[in-house]
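**Student:** Here's a sequence, model it:
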Amino acid sequence: MKNHLKRIVLACLMLSVLMTGLLAGCSRGTGNESTPSPSAGETPEPSGGQSPEPTEPAASPSPTPGSEFTIPDVSFQQYDIPDNAALAFVKDMKIGWNLGNTFDAVDCDWLNNELDYESAWAGVKTTEAMIKAIKDAGFNTVRIPVSWHNHVRGEDHTISELWLDRVQEVVDYVINNGMYVIINIHHDMGKDYIYTSSEYLDQSLHYVKRIWTQVAERFKDYDEKMIFESLNEPRMVGSQYEWWLDEKKDECKDAVEALNKLNQAFVDVVRASGGNNASRYLMVPGYAASYSGALNSGFALPKDKVADKLIVSVHAYTPYNFALEAGGVNKFNLKSSGSTGEINSFMDRLHSKFISKGIPVVIGEFGARNKNNNTQDRIDYATYYVAAARARGITCIWWDNNAFTGNGELFGLFNRKTMSWPYPEIVEGMMKYAD
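**Tutor:** Numbering: from 1, shown residues only. This next block holds a predicted model:
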């Protein structure tokens, strides 16, 4: 297809996607959330078959001719970033994209085939054409969140070969396109599997060790572009301190200590598995993966047999009232500290505690949900956020849950059903300062 026809098709698709109903994304951080689910107000339809596979990769996102939107110019003084291999590694990851609401789907009791979990929330099966479209758009990292508890059996949590084979197949899509790939333990948090307290520590350690023993074995011969992330937002699910710790409370101190032990077990298991895992880059979060969790005085990086191969994992939908809160505000003012102040503050603190000391940081989830089509504000936010992070040596990964319509958390950037980019200027804004 010639370039001018591609632009015409892309423009039509962007108009049609506004009328197309999609499954909403994964509900996050709403309090007592023992079972993550699609966003409020929308229920996924049971899917017995596979979605049609797109036949042609999407064109790279570019502003539609005559677009009403602009990409802002922002400027930051470059921070001091030590010259070491770990920070250079994270810099090369550039900018990332989450394959959200896919392998992280959980507890879909209506399914008869466990492989249908992949499309249960997002409504579409992943193809290599999709991953190529992500690469062509300029992204250099794909994070693949994976939940495991619906795909294990027995007290030793033996992973289904079908599930692990399919995860590996999609990992290979990313690797074959020359990108970095991250996999993790995702929605397995809670008192049945992983819970950050001394009371549940033995059970949690057993689960972490068993999952990572099997996953590490499967991927031990992959090169360093394969990255393992210990846990997704580890926390006391259902507790009053699920998302926000009180450092003065013994219960909260205990949670941080328990998480340190879980991260240490992860590192020990991966290193002991041999192959390239002996020196692979590993990501570890603080409590709930929040920046305050990473900055908590009790948080400690695991001891490692190899130097400079640990990355701090942080999630930051910041400022919350704009980026994630259902109500909140829908305006982002580049000239107002009310919009930009918290971004600068938490990134400065991460730079001071970690990056200035040679320890890399990856923001594994960030983004701003669509609020009444506030596209220009989201463009300004994404551009500013990535520019601020890169000036401090941080790599960011956008949370894309393939959700574009409805009342839920609309973080979708790449429409996997139509193979199109409904908000190309958001992507362009991120790419402007990603290098």
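
**Student:** where along this protein do the strands fall?
**Tutor:** 95-98, 141-144, 152-153, 158-159, 180-184, 226-229, 282-285, 310-315, 361-366, 395-398 (DSSP state E).

**Student:** what does the fifth one rub up against?
**Tutor:** When contacts are taken as Cβ atoms under 8 Å, 6 or more residues apart in numbering, the neighbours of strand 180-184 outside the stretch itself are 92-93, 96, 140-146, 167, 171, 174-175, 215, 219, 225-232, 283, 364, 397. No exception for glycine: its C-beta is placed from N, CA and C like everyone else's.

**Student:** Would you mind checking those for buried ones?
**Tutor:** Those of these that meet the buried threshold are 93, 96, 140-146, 167, 171, 174-175, 215, 219, 225-232, 283, 364, 397, by 16 or more other Cβ atoms under 10 Å.

**Student:** about what we covered before: closest to Gln376 out of the strands of the chain?
**Tutor:** Ranking the strands of the chain by proximity to Gln376 (Cβ to Cβ) places strand 395-398 first, at 17.3 Å.

**Student:** who does that closest one touch, helix- and strand-wise?
**Tutor:** Using 3 or more Cβ pairs under 8 Å, 6 or more residues apart in numbering; DSSP states H and E, the elements in contact with strand 395-398 are helix 85-93, strand 95-98, strand 141-144, strand 361-366, helix 375-391.

**Student:** neighbouring strands for it, and are they parallel or not?
**Tutor:** Strand pairing for strand 395-398, determined by DSSP bridges: strand 95-98 (parallel), strand 361-366 (parallel).

**Student:** average pLDDT across it?
**Tutor:** Averaging pLDDT along strand 395-398 gives 98.

**Student:** Stretch 163-183 now?
**Tutor:** 98.

**Student:** ditto for stretch 271-286
**Tutor:** Confidence for stretch 271-286, expressed as mean pLDDT, is 98.

**Student:** One more: stretch 404-411?
**Tutor:** 96.

**Student:** What of stretch 328-343?
**Tutor:** 98.

**Student:** okay, it in CSV with CA atoms only?
**Tutor:** What follows is stretch 328-343, C-alpha atoms only, in CSV (Å, rounded to 0.1, in the frame of the first residue of the first chain):
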residue,chain,number,x,y,z
GLY,A,328,-9.9,14.4,39.6
VAL,A,329,-8.9,16.9,36.9
ASN,A,330,-8.6,16.5,33.2
LYS,A,331,-6.3,19.4,32.5
PHE,A,332,-2.5,19.3,32.5
ASN,A,333,-0.8,22.7,32.5
LEU,A,334,2.9,22.6,31.5
LYS,A,335,3.4,26.0,33.1
SER,A,336,1.8,25.1,36.4
SER,A,337,3.6,23.4,39.3
GLY,A,338,0.3,21.9,40.2
SER,A,339,0.6,19.7,37.2
THR,A,340,4.4,19.2,36.9
GLY,A,341,5.6,19.6,40.5
GLU,A,342,5.0,16.0,41.8
ILE,A,343,6.6,14.6,38.6
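
**Student:** can you list contacts of it?
**Tutor:** 72, 74, 318-322, 368, 371-372, 374, 377-378, 380-381, 384-385, 388.

**Student:** hmm, 6 Å instead?
**Tutor:** Where contact means Cβ atoms under 6 Å, 6 or more residues apart in numbering, the residues beyond stretch 328-343 that reach it are 72, 318-319, 321-322, 371-372, 374, 377, 380-381, 388.

**Student:** Among those residues, name the buried ones.
**Tutor:** Counted by 16+ other Cβ under 10 Å, the contacts of stretch 328-343 give 318-319, 322, 371, 374, 377, 380-381, 388 as buried.

**Student:** Identify the farthest-apart pair in those.
**Tutor:** Lys371 and Ala388 (21.3 Å).

**Student:** In contact with Phe139, which residues are there?
**Tutor:** Here Phe139 is in contact with 95, 97 (Cβ under 6 Å, 6+ apart).

**Student:** Relative to Asn112, how far out is it?
**Tutor:** 34 Å (Cβ to Cβ, to the nearest Å).

**Student:** Cys396 - how many residues pack around it?
**Tutor:** 26 (other Cβ atoms under 10 Å).

**Student:** tell me which residues form a beta bridge with it?
**Tutor:** With DSSP bridges as the rule, Cys396 is bridged to Ile95, Ile363.

**Student:** ranges for the helices of the stretch 251-400 of the chain?
**Tutor:** 291-295, 320-323, 337-353, 375-391 (DSSP state H, counting those that start in this stretch).

**Student:** avg pLDDT for the last one?
**Tutor:** So that's helix 375-391. Computed over helix 375-391, the average pLDDT equals 98.

**Student:** angle of it against strand 361-366?
**Tutor:** 160 degrees (axes from the mean of the first three to the mean of the last three Cα atoms, to 10 degrees).

**Student:** quick one: low-confidence parts of this structure?
**Tutor:** In the predicted model of the chain, residues 1-66 satisfy pLDDT under 70.

**Student:** Swap in 80 and give it another go.
**Tutor:** Along the chain, segments meeting pLDDT under 80 span 1-67.
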